[in-house]
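Q: With the sequence up front, the predicted model follows.
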Amino acid sequence: MNILPSTQSGALPSYLFHQPPCAKPFPHVVEVGDAWGKIGSGIGNECSSELTALGEYFERRHFYMEVSSDNRGRLADALGATESLAFKDAFLQTAQGMASPSELDEHIFALTTANRISDFSSCQIPTITLNLTHSKVDPDNRFYPERDTCGCSFHISSQSSIFGAIKESLERQFLTRFWLTKQCNRKWQASELRALLHGRSTLGLLELLSKAGKVHAFDISDQRFPGRCVILIYGNENISSHVKYCAGMSYASTLADSIEKSLHELWQTFRFMQLFGALKRSPRDIEDPYLRHFLNANSIDTFNEISNISTGSPNLNPLSPYKNNMTIDGLISTLKCLKIEGYLYTKKINFFGNYYTFSKFLSPSLFLHMNNSKNINIRNLYSSTFLDKIIPSRQSVMVPFP
């Protein structure tokens with residue numbers, strides 16, 4: 001089903017493509033986009049797939065095109081001494097030698113209003129940490145050239161938007177740690193996953209994928225935080241297969257929920273790769289560097305490389321007292337326990353009488369983006385507990401995840 005609006009409005013996407021499943025085990029898939037190339041996709045049942053796609057579309061459009069600055073100033077003028085020092089240390093790493101400490105001290109940044117998670121007081125942070133568009137004339141770019149959608153969210157409920165932003169940001173921290181250290185809490189084969197998905201609609205999808213290739217899952221949760229984070233990967237040794245490696249990931253309150261959502265995300269990417277290969281397209285045709293890198297990693301060797309890991313948590317710190325509280329309060333309280341100051345950007349917008357909230361969560365005490373191979377603040381408060389376990393060969397290659 002393709003929906004094209006009869007009248008063009010800048011407030012709405014240009015099209016919505018809805019593909020229902022061709023067989024019962026498969027979920028619905030929806031794609032939403034506009035003339036500027038901003039695209040959102042969703043997977044799930046008939047309703048949830050459309051809502052997810054629309055949410056992703058509006059999220060990406062906002063953070064690529066609509067984030068504005070409120071002020072200009074030096075880091076030391078906008079933030080407290082400890083906070084400005086944390087951003088300065090992060091930017092010295094992300095600039096990769098293109099900036100000196102004194103330049104950062106004196107540079108006048110474009111600033112956007114945000115809130116500290118420690119006490120929700122208002123402050124201003126560099127706009128480059130929020131805006132995903134690179135302007136060639138923006139003098140701030142050299143301090144932070146790599147950006148992605150990590151930690152972004154959009155929802156009609158402010159609480160759900162904020163929760164989604166913090167949850168996704170932490171999910172990507174766990175993924176980066178997993179990739180850099182080659183360590184996880186546990187690994188499951190497809191046969192074990194079947195038992196964990198018993199009675200769920202995604203069991204049929206798992207069965208079909210495991211018949212076509214290999215399916216492995218890894219618990220990459222940080223045991224200090226509530227919830228479970230799972231990455232699920234697919235591998236196929238058949239040289240004629242369009243999809244030889246694929247991945248999906250989710251951070252949810254329970255293990256079964258996380259596995260199910262990971263499977264949905266994997267299938268969403270699997271379908272794209274299958275069509276991409278059938279049309280004989282090349283990764284060179286892809287503008288997005290993350291997706292291009294992921295497609296270049298479409299090899300059974302990537303699957304085998306990720307599968308070759310050690311089990312046992314890379315983090316020996318004591319559990320948080322909020323371990324079983326997978327809520328906004330639980331996540332923020334855990335961050336406070338770990339002395340991680342974070343910043344929450346929120347923006348409300350009115351769509352046809354209803355208010356929706358854009359959110360982004362970030363912290364210079366965490367990895368600021370997902371590309372661990374360049375312009376990354378590899379040394380931060382979060383990584384300090386496993387910095388000595390980082391494998392150099394992994395650090396030089398970006399994690400193969402879409």
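A: That came through fine. From a predicted model like this one, the values you see are computed outputs, not experimental measurements. Numbers count the residues shown, from 1 in each chain.
Q: From S69, how far off is S157?
A: 27 Å (CB to CB, to the nearest Å). In short, each C-beta sits where N, CA and C put it, glycine included.
Q: Check Y322 too.
A: 34 Å.
Q: Pick out whichever of the two has more residues nearby.
A: Y322 (20 against 17; other CB atoms under 10 Å).
Q: Count the residues that sit near A190.
A: For A190, the neighbour count with other CB under 10 Å is 18.
Q: and it, what does it touch?
A: Residues in contact with A190 (CB atoms under 8 Å, 6 or more residues apart in numbering) are 206, 209-210, 214-216.
Q: which residues of the stretch 101-250 of the chain fall in helices?
A: For the stretch 101-250 of the chain, applying DSSP state H, counting those that start in this stretch gives helices covering 101-106, 158-181, 190-196, 203-212.
Q: per-residue pLDDT, the residue nearest the centre of the chain?
A: For the chain, C150 is the residue whose C-alpha lies nearest the centre (CA atoms, centre = their mean; 4.0 Å). What the model reports for C150 is a pLDDT of 94.
Q: got it, and P318?
A: So, for P318, pLDDT stands at 58.
Q: same deal with the one 5 residues further on?
A: Residue-level confidence at K323 comes out at 75, pLDDT.
Q: ok but it is inside a helix, no?
A: No - per DSSP: H, G, I helix; E, B strand; the rest coil, K323 lies outside any helix segment and is coil.
Q: So, low pLDDT: which residues of the protein?
A: 1-10, 22-25, 136-137, 313-320 (pLDDT under 70).
Q: Phi and psi next, for Y382.
A: phi -70, psi -40 (degrees, to the nearest 10).
Q: Out of the helices of the stretch 101-250 of the chain, which one sits most buried?
A: Comparing the helices of the stretch 101-250 of the chain by mean neighbour count (mean count of other CB atoms under 10 Å), helix 158-181 ranks first with a mean of 22.
Q: would you list every one of the strands in the stretch 1-150 of the chain?
A: 2-3, 15-19, 28-33, 39-44, 71-73, 109-116, 122-126 (DSSP state E, counting those that start in this stretch).
Q: contacting residues around the last one?
A: The one in question is strand 122-126. 70-71, 73, 75, 78-79, 83, 87, 109-116, 140, 143-144, 343, 345, 362.
Q: related to what we said a few turns ago, tell me which of the helices of the stretch 101-250 of the chain sits nearest to I328.
A: helix 158-181 (4.8 Å; CB to CB).
Q: And that closest one, what does it pack against?
A: If you count contacts as 3 or more CB pairs under 8 Å, 6 or more residues apart in numbering; DSSP states H and E, helix 158-181 packs onto strand 152-155, strand 228-235, strand 245-252, helix 328-337, strand 343-351, strand 354-362, helix 392-395.
Q: What angle do helix 203-212 and the second one make with each other?
A: If I follow you right, that is strand 228-235. Angle, strand 228-235 to helix 203-212, by axes from the mean of the first three to the mean of the last three CA atoms, to 10 degrees: 40 degrees.
Q: do the fourth one as well
A: Taking the same axes, to 10 degrees, helix 328-337 and helix 203-212 form an angle of 60 degrees between their directions.
Q: L366 versus S333, what's the distance?
A: In this structure, S333 and L366 are 16 Å apart, going by CB to CB.
Q: before we move on, what about S258?
A: The value you get for S258 to L366, if CB to CB is used, is 20 Å.
Q: do N115 as well
A: For N115, the distance to L366 - CB to CB - is 16 Å.
Q: For those two, indicate the residue with more neighbours.
A: Per other CB under 10 Å, whichever of N115 and L366 has more neighbours is L366, with 24 against 17.
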